[in-house]
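S.K.: turn this into a model:
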Amino acid sequence: MRIGVRSGKLDPALLEALLRHAPTNGAAVALGPGIGRDAAAVRLGESYLVLAADPITFDALPGRAGAAVVHVNANDVVCLGAAPSWFLATMLFPPGVAEAEVEAAFASLGAACASVGATLVGGHTEVSDAVTRPVVAGTMVGLAPNDRLYTPTAIRPGDALVQIGAAAIEGTALLASQAVEALGRAGVAAGEIAAAAALGEEPGISVVAMARAAWGAPGLRALHDPTEGGVATAAWEMAQAAGLGLEVEESALIAHPLTLLVAAAMGIDWRGLLASGCLLAGVAGADAEAFVGRMGAAGYPSAQVGHFNRTPEDDAEAAILRASEGPRALPRFTRDEALRVLRPKG
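M.R.: Numbers count the residues shown, from 1 in each chain. From the prediction side, this is the model:
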């Protein structure tokens, strides 16, 4: 019996195989598609045209699908060093959708565009029986100067992996909004559930200001926005994109106390939980301490959580998590931990 593909990210090996059959290396392409690449970059005169495309397929927070799709795409563009400037949205609604829900999606989209400095320049809207709940996808476009393009291919052996901001804010807020009863049964107090849900608004999932604070820092090579699969999968993706090995110190990873509470109550691993709202940075080893200080001074809790090294001959040893019980392979989550709670049969 043939088993179909489960919900979540495509297996990296399958994705790589699929990309081999597509034309991805045009003359003007500075950065094309691949594992751990947040966006694309195309040479355009004295600048790089940076483009990112992402949908919102999880059950978004009520009235927040429009905002979420703007932020996840702006996050990807800003990670390459570009200012998010122009946005296109595709919004699909199921038959019978309330007009107020459509209006709320557009309102949140417009407010989010304004907050990141982007203009809505086009897209498509449709009511279709192909979807059973609103599905919103977007493309963000921006420009980066030709002397500021941050890519994982620039990471070198000996560089530090730095985490900026607490991981899994997005997943914590989502579960606290969508799994209220389950959390209550697990003993989480109503006030704690409400506070966890509020993390979706503050600090929120945008990393635009965070990335801008990092731009121009000495030794900064790359920025990566952890999303589906959490901070652990994002770290693995960076190593893959750089073609390097990686060691991550489990005790150094940053998580909000409410994230730890929600994850423990749901029996999930927060390192594999939706993580928009934080960043991973590849920084020259000699500059890592100063970089952590710079981000802390800007108001973002930061820590060096690992370092890159040359890839060992055994690929299974390429990404290592060093924990109190000893080193082991860094976990990868092709299916986000939120899905284990919200769609256990998917």
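S.K.: CA only for contacts and neighbour counts going forward, please
M.R.: Will do.
S.K.: please report how far Ile238 lies from His71.
M.R.: Quick fix: residue 238 is Met, not Ile. From Met238 across to His71, the span is 21 Å (CA to CA, to the nearest Å).
S.K.: ditto for Met266
M.R.: Taking CA to CA, one finds Met266 at 27 Å from His71.
S.K.: the more surrounded of the two?
M.R.: His71 (27 against 19; other CA atoms under 10 Å).
S.K.: quick one: the more buried one is in a helix?
M.R.: Yes: the assignment for His71 by DSSP: H, G, I helix; E, B strand; the rest coil puts it in a helix.
S.K.: leaving out the residues flanking it, which one is nearest to it?
M.R.: Leaving aside its sequence neighbours, His71 sits nearest to Ser206 (CA to CA, 6 or more residues apart in numbering; 5.4 Å).
S.K.: repeat that for Glu126.
M.R.: In space, and not counting its chain neighbours, Glu126 is closest to Leu92: 5.0 Å by CA to CA, 6+ apart.
S.K.: ok so that neighbour is a strand residue?
M.R.: Yes: assessed by three-state DSSP, Leu92 belongs to a strand.
S.K.: wouldn't it be in contact with Asp129 here?
M.R.: No: the pair Leu92 / Asp129 is not scored as a contact, 9.3 Å apart, by CA atoms under 8 Å.
S.K.: so which of these two has more stuff around it?
M.R.: A direct count of neighbours by other CA under 10 Å for Leu92 and Asp129 places Leu92 higher, at 21 against 12.
S.K.: next up, the contacts around that one.
M.R.: Contact analysis of Leu92 by CA atoms under 8 Å, 6 or more residues apart in numbering lists 125-128, 131, 134-136.
S.K.: out of those, which are buried?
M.R.: In the contacts of Leu92, burial by neighbour count holds for 134-136, counting by 16 or more other CA atoms under 10 Å.
S.K.: from those, which ones fall inside strands?
M.R.: Among the buried ones among the contacts of Leu92, the members falling in strands are 135-136 (criterion: DSSP state E).
S.K.: for the residue lying closest to Gly293 once chain neighbours are set aside, list each beta-bridge partner.
M.R.: Of all residues not flanking Gly293 in the chain, Ser302 sits nearest, at 7.9 Å (CA to CA, 6+ apart). Counting by DSSP bridges, Ser302 forms beta bridges with Ile164.
S.K.: from Gly165, how far off is Ser302?
M.R.: Per CA to CA, Ser302 is found 6 Å from Gly165.
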